[in-house]
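S.K.: Give me a 3D structure for the following:
(one chain, ligands or ions: 2)
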Amino acid sequence: MLVEKKVYKNASAADGRNEYRVTSNMIILGIDTSCDDSCAAIVEDGEKLLSNVVNTQVIVHHRYGGVVPELASREHIRNIVPVVRESLRKAGLDNKDIDAIAVTVGPGLVGALLVGIHFAKAYSYANNIPLIGANHLEGHILSIFLEESFPSFPFVALTVSGGHTNIYHVRGFGDYTVLGQSLDDAAGEAFDKIAKLLDLGYPGGEVIERLAAKGMPEAIYFPRAYLSKDSLDFSFSGLKTAVALYVKKWRENKAGDNRIKIADIAASFQAAVVDILIDKVISATAQVGVKSVVLAGGVARNNHLRGKLQKMMTKEGIDLYIPSPELCTDNGAMIAVAGYHRIIKGDKDDLTLDARSRFPLDQI
Ligand code: KG4
Ligand code: ZN
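M.R.: Ligands and ions are numbered 1, 2, ... in the order given. Next up, the predicted model:
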């Protein structure tokens, strides 16, 4: 059994009570093994990044054109201890300096999540520190609080990753309403599938972006599914099918314009995704009447999206906040931030903590 401990932020450590205490700095080790990155990071007081280590498994999954869950779990088992050690080394800290451990419980691949969860349980037990489970999507939203510039509440968050495309109304830490979500593929998944179709390997986002920079976004008009008026949901499967049909014809030289290059297809596809994302986020801010937007998740690394969204937000008089690229893709730091805000509210978990393949944010 874990020793019952209380965490007091800003409480005195020297008053003799036999409880776990945090004076002014709460140092949290954050772990994320939800997909194909083994991540560990150390964050102080939910905002100061002390180290951030990510071991990516791209080489393992590349040849399969996507993540193979069983291989991901095995890689996490191999990586988790070295990644944590490296995060401690980079922060110049020891196990005894860690005040709590936060770990992603979902959503994600169950086998992969379980590696991080079991590690975190053992670490918490061995070091006699609190264990706290965190929602991966909440982590993506809260990654912005690791930056110098972050919004005040309320704001709209657009999280675009390999598994999710969601719009949230964020009223405070732990206070989220889902305004829209993808009805089929996530935006990052669409990037990955189009990259696979074009034989560009995995993951697709970065390679499509690089290729798109050499192409013309208006070369081909791919359909943008805006769904019903006022809907903040997304659908990328029609776009994916339209690109697949086009590529088939293009490969058979029947596309109608033999000047079209693979870079033009990448640029035209990327332009369609970006247009849809921007349209929906602007509608969301109007619907809930907020003046700040956070863009997060792996696809938020995309420079075309970052640039065009910034332009549109400036035009609309909305403040845009985007984490630095390394905090957009999966990382342990965002999990430490999410864990910190649960802990200071008095939440904690125990050794029954389990993985959740689905974990909508409004269920936390
Ligand atoms: O947030 P993330 O690291 O993992 C998930 O939670 O899914 O996001 C990974 C996704 C992948 O689908 C990847 O192709 C996409 O983010 N991505 C990008 C870019 N970099 C990563 N998509 C578009 N452009 C990029 N530069
Ligand atoms: Zn993610």
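S.K.: Return the set of buried residues in the longest helix along the chain.
M.R.: Criterion DSSP state H: the longest helix present in the chain is helix 262-288. Residues of helix 262-288 classed as buried: 263-274, 276-278, 280-285, 288 (neighbour count, 16 or more other CB atoms under 10 Å). Heads up, the C-betas are built off the backbone N, CA and C, glycines and all.
S.K.: Next secondary structure after it?
M.R.: Using DSSP states H and E, the helix or strand that directly follows helix 262-288 along the chain is strand 292-296.
S.K.: For that next one, which helices and strands make contact with it?
M.R.: In terms of contact count using 3 or more CB pairs under 8 Å, 6 or more residues apart in numbering; DSSP states H and E, strand 292-296 is assigned the packing partners helix 136-142, strand 155-160, helix 262-288, helix 303-316, strand 319-321.
S.K.: where exactly do the strands run in the stretch 51-200 of the chain?
M.R.: Under the criterion DSSP state E, counting those that start in this stretch, the stretch 51-200 of the chain contains strands at 100-106, 131-135, 155-160, 165-172, 175-181.
S.K.: Using CSV, write out the CA atom coordinates for stretch 64-79.
M.R.: The C-alpha coordinates for stretch 64-79 follow below in CSV (Å, rounded to 0.1, in the frame of the first residue of the first chain):
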residue,chain,number,x,y,z
TYR,A,64,5.1,-0.8,-41.8
GLY,A,65,3.7,2.6,-42.8
GLY,A,66,2.1,3.0,-39.3
VAL,A,67,2.5,2.1,-35.7
VAL,A,68,2.4,-1.6,-34.9
PRO,A,69,1.0,-1.7,-31.3
GLU,A,70,2.8,-4.9,-30.1
LEU,A,71,6.2,-3.5,-31.3
ALA,A,72,5.4,-0.2,-29.7
SER,A,73,4.9,-1.9,-26.3
ARG,A,74,8.1,-3.9,-26.6
GLU,A,75,10.1,-0.8,-27.5
HIS,A,76,8.6,1.1,-24.5
ILE,A,77,9.7,-1.7,-22.2
ARG,A,78,13.2,-1.4,-23.6
ASN,A,79,13.2,2.4,-23.4
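S.K.: right, and residue 294 touches residue 158 too?
M.R.: Yes - using CB atoms under 8 Å as the test, residue 294 is close enough to residue 158 to be in contact (7.3 Å).
S.K.: Which one's more surrounded, those two?
M.R.: Here residue 294 and residue 158 are set side by side on neighbour count (other CB atoms under 10 Å), and the busier one is residue 158, at 30 against 27.
S.K.: Near ligand 1, which residues of the protein? Just list them.
M.R.: Taking CB under 6 Å from any ligand atom as the measure of proximity, the chain contacts ligand 1 at 35, 161-163, 188-189, 191-192, 203-206, 209, 297-299, 301-302, 329-330.
S.K.: Can you tell me how far the closest residue to residue 198 other than its chain neighbours is from ligand 2?
M.R.: Nearest residue to residue 198, sequence neighbours excluded (CB to CB, 6 or more residues apart in numbering): residue 262, at 6.2 Å. Noted for residue 262: a distance of 28 Å to ligand 2, by CB to the ion, to the nearest Å.
S.K.: What does the pLDDT read for residue 262?
M.R.: The predicted structure scores residue 262 at 97 on the pLDDT scale.
S.K.: Equivalent analysis for residue 228, please.
M.R.: Looking at residue 228, its pLDDT reads 87.
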